[in-house]
Structures are given as structure tokens and as C-alpha cells.
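> Return atomic coordinates for the entry below.
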Amino acid sequence: MMRSPLQAVFHSYAEIFFLQSRVLGVAIFLVMLIEPNVALGGMLSVVGAYGFARLIRMGREFLSSGFYTYNPLLVGLATGYMFRITPLVALLVVMAGVLAFVATTLIANVLTVYFKLPILSLPFAVVSSLIYLASLRYGNVLTPAVHGHGLLRGDFGAGMPFWVVGYLKAFGAILCMPNVAAGGLLCLFV
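Just a heads-up that it's a prediction; the model follows:
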């Protein structure tokens, strides 16, 4: 049996697809390893958010589902897609994960209590936009990520109809990995 913190981390991956499955979360994490930089960004962000939640003594029942940590995960994936993970970027990713967690908690409460609306990925959009805008100011410090150097290299879309390639790339882009191999593997698992 998986321990609670690790279980919560993997639930974050499944929660992106509105599912509650630790096994699916592990499978999605393994697919993420195709692009190690993106995977590391996501993991750092969600672990930072979970650590902050434990620091402020947020109850375990709130953290066990992944509802509060899937937006920080998305922020980490997007940051890992934009920048090569260096010690400075790792610190930025952890802080962005904490900010996304706080934004998720705040926006979820406001939208649920006052408007009866779901939160979806609004905190991800807000925090990722802030990270991108801040990176424009500090472009000489942050190194852009290089894509296509992950574990599965090559043109996996060769010989496929353009619409299949487009679909698989779009499905992979949900997790900031717009390539055919990632999209195909995600389609198998989800």
C-alpha cells in the first residue's frame, strides 16, 4: 500500500483527467518521463504544494484526492516545458506550485460558495500567465527548455494520417508534451 503523501501526489496526475485513481496517476507519471524536464517540473511543483499544505496543517482528507494539487502540477509541467530545470528554476517551480495551491484554495472557495461553479484549471491559467510574464523580465537568467530530447526520440507520426497525428499531439499537449508518442500512450491509459 502506498503511503499517503505519495498517494496524493499520484492522485494529482489522475485528477487532471477528472479521475480518482492512484494506478492511473502512476501510469501518467511514467508517461511524463518521456520528457524528463517536464516531468521534473511537475513533480517539484506538486511536492512543493503538498509540503506547503502540510506545513499549514491542512487536513489529510483535503489532500488525499489531488483536487488541490492538480493545478500546481499543471503549473509545474508548463514551467518545465518553458524552461530547463536548473537550481534557480527549481526554486521558481516550487514557489509557483505553492502560489498555485493558494490560488486553487482561494478560487475554489469563492467559486463554489458564491457562484456554485467548478474551479477546473483557472488557477493554472492565472499562475502560469504570471510565471510567463515574470520570465520576460528575467530572460537572461532563465534558460529555455529544449524539446525533442526526451526518452522517445524520432518521428512516431510517420505514415499516420495528419488528423491522427494532430489528435495525438493535442492529447499529449494536455500535459505539456505535444508529441505523438506521449499522446498515444496517454490515449491508452486514459
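
> Now tell me what touches stretch 115-127 from outside.
Residues from elsewhere that reach stretch 115-127 (Cβ atoms under 8 Å, 6 or more residues apart in numbering): 71, 74-75, 78, 96, 99-100, 103-104, 107-108, 111-112. Glycine gets a C-beta too; all of them are placed from N, C-alpha and C.

> Then stretch 51-62?
Outside of stretch 51-62, the residues that reach it under the criterion Cβ under 8 Å, 6+ apart are 4, 5, 63, 68, 69, 97, 98, 101, 102.

> quick revisit: format the contacts of stretch 115-127 as CSV; extra columns: pLDDT.
Conversion of the contacts of stretch 115-127 to CSV gives the following (pLDDT from 0 to 100):
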residue, pLDDT
71, 96
74, 97
75, 97
78, 96
96, 97
99, 97
100, 97
103, 97
104, 95
107, 95
108, 93
111, 94
112, 92
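
> Mind giving me the ChimeraX command for buried ones among the residues you listed?
In ChimeraX, a selection of the buried entries from those looks like this (16 or more other Cβ atoms under 10 Å):
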select :71,74,75,78,96,99,100,103,104,107,108
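
> Could you identify which of the contacts of stretch 51-62 has the most neighbours?
With neighbours set by other Cβ atoms under 10 Å, the maximum within the contacts of stretch 51-62 is found at residue 97, which has 31 neighbours.

> Tell me the confidence at it?
Here, the pLDDT recorded for residue 97 equals 97.

> Surely it is in contact with residue 45?
Yes: with contact defined as Cβ atoms under 8 Å, residue 97 reaches residue 45; the gap is 3.3 Å.

> Now do the shared contacts for these two.
Both residue 97 and residue 45 are contacted by 72, 73, 75, 76, under the criterion Cβ under 8 Å, 6+ apart.

> May I see these arranged in a markdown table, with distance to residue 24 and secondary structure as well?
Conversion of the shared contacts of residue 97 and residue 45 to a markdown table gives the following (distance: Cβ to Cβ, whole Å; DSSP: H, G, I helix; E, B strand; the rest coil):
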| residue | distance to residue 24 | secondary structure |
| --- | --- | --- |
| 72 | 19 | helix |
| 73 | 14 | helix |
| 75 | 21 | helix |
| 76 | 19 | helix |
